[in-house]
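Structure for the following, please:
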Amino acid sequence: MTNQRAITWSYGGGTQSAAIAVLVAQGKLPKPEVAVIADTGREATETWDYLRDHIQPLLNSVGVDIHVAPRSLANVDLYKGNSLLLPVFTRTGKFTTFCSMEWKTYVIQRWLRSQGYGPKRSVKTWIGFSLDEVGRMKKGKLKWQQLHWPLLFDVSPALTREDCKRLVIAAGLPPPPRSSCWMCPHRQNDQWQRLKDFYPQDWAAAVKLDEEVRANDREQGVYLHHSRQPLAEADLTIKPEPEHPLFGRGEGCESGQCMT
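Okay, here's the model as predicted:
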């Protein structure tokens, strides 16, 4: 008889993860054996606030705790050798997104191993992709960890991001934030503006980091904002943003952990 994989949930902190929490609380998805969020050390304050004030109280009703995989489990920080991990914009293009793997995917895998999961105790790990994100689905590389997308395969019909938002609001929760680090180059203008208006400490930290990474680049050509202007000077009122790399045309973030 084949041992059944334990269900683990990689909580991303955004709209889809909030929808999964609602479905678990309503008994429409099974209760995961463990739930965990990776602490990148730079996750937006709004994500933590929403988890503390809304998601964890909801999950308390069914006995699910969202654990935090600490930043110390990451092997690298902003740089891996001489390479910047952030998907910053340059004069001619954009860096590849490595930060999500290094700070979230690998961190959660290491945390799961520290909890006794692994080759001798395999898992099915939930990832909160919705129907409009099927292009981001990728098969996991570890034999002991099978990735699974409950919003696509365990509910009928499968849910889009807007479906998830409506589900969360119908459950009496406020609209969830779009999860991302405070300095994430994949942020849209409205997200940057919200950060500036309501989370000035996060905004100040992002502006400072934007200046620091550019100072460390000899060509002076890396930017957090997709306009390729210093973040402090970027026009955040421009809408729509048809060429934004995640939500319009372009490369996009292929992470299994961010923006969900």
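
now the helices: where do they sit in the stretch 151-260 of the chain?
Here the stretch 151-260 of the chain has its helices, by DSSP state H, counting those that start in this stretch, at 161-170, 189-198, 200-215.

just so I know, which of the ones you listed lies nearest H54?
helix 161-170 (8.9 Å; C-beta to C-beta). No exception for glycine: its C-beta is placed from N, CA and C like everyone else's.

which residues touch the one helix or strand Q109 maps to?
Q109 belongs to helix 106-114 when elements are defined using DSSP states H and E. Outside helix 106-114, the residues that touch it by C-beta atoms under 8 Å, 6 or more residues apart in numbering are 8, 10, 34, 36, 38-40, 67, 69-71, 73-75, 118, 123, 125, 142, 145, 257.

switch the cut-off to 6 Å
S10, V36, A38, A69, L73, A74 (C-beta atoms under 6 Å, 6 or more residues apart in numbering).

any idea of the mean pLDDT in that helix?
Taken as a whole, helix 106-114 carries a mean pLDDT of 98.

how far away is R166 from T160?
9 Å (C-beta to C-beta, to the nearest Å).

again but with E212, I slipped
Between E212 and T160 the computed distance is 38 Å (C-beta to C-beta).

Over to A232?
The value you get for A232 to T160, if C-beta to C-beta is used, is 35 Å.

ok, now P32?
22 Å.

These two: which has the busier surroundings?
Counting neighbours by other C-beta atoms under 10 Å for P32 and for T160 shows that P32 has the greater number, 23 against 15.

I'd say that one and I7 touch.
Yes: the criterion here is C-beta atoms under 6 Å, and P32 meets it with I7 at 4.4 Å.

pLDDT (mean, whole number) over stretch 151-159?
Computed over stretch 151-159, the average pLDDT equals 96.

residues of that stretch that come out buried?
If you call a residue buried by 16 or more other C-beta atoms under 10 Å, then stretch 151-159 has these buried ones: L151, L152, V155, A158, L159.

likewise stretch 104-114?
Within stretch 104-114, the residues that count as buried by 16+ other C-beta under 10 Å are K104, T105, Y106, V107, I108, Q109, R110, W111, L112, R113.

Then stretch 193-211?
Applying 16+ other C-beta under 10 Å to stretch 193-211 flags R194, L195, K196, Y199, D202, W203, A205, A206, V207, L209, D210 as buried.

ok so, going back, what's the closest of the helices of the stretch 151-260 of the chain to S179?
helix 189-198 (10.5 Å).

chain center to the closest one: distance?
17 Å (C-alpha atoms, centre = their mean, to the nearest Å).

Identify all contacting residues around stretch 59-67.
Y11, A21, A25, K31, A35, V36, I37.

Count the residues that sit near the residue lying closest to the last one once chain neighbours are set aside.
Excluding its sequence neighbours, the residue lying closest to I37 (C-beta to C-beta, 6 or more residues apart in numbering) is Y11, at 4.5 Å. Under the neighbour criterion other C-beta under 10 Å, Y11 is assigned a count of 29.

I figured Y11 was touching A19, is that so?
No: the criterion here is C-beta under 6 Å, and Y11 misses it with A19 at 11.6 Å.

Helix, strand or coil: sort out K124 for me.
Under DSSP: H, G, I helix; E, B strand; the rest coil, the three-state class of K124 is strand.
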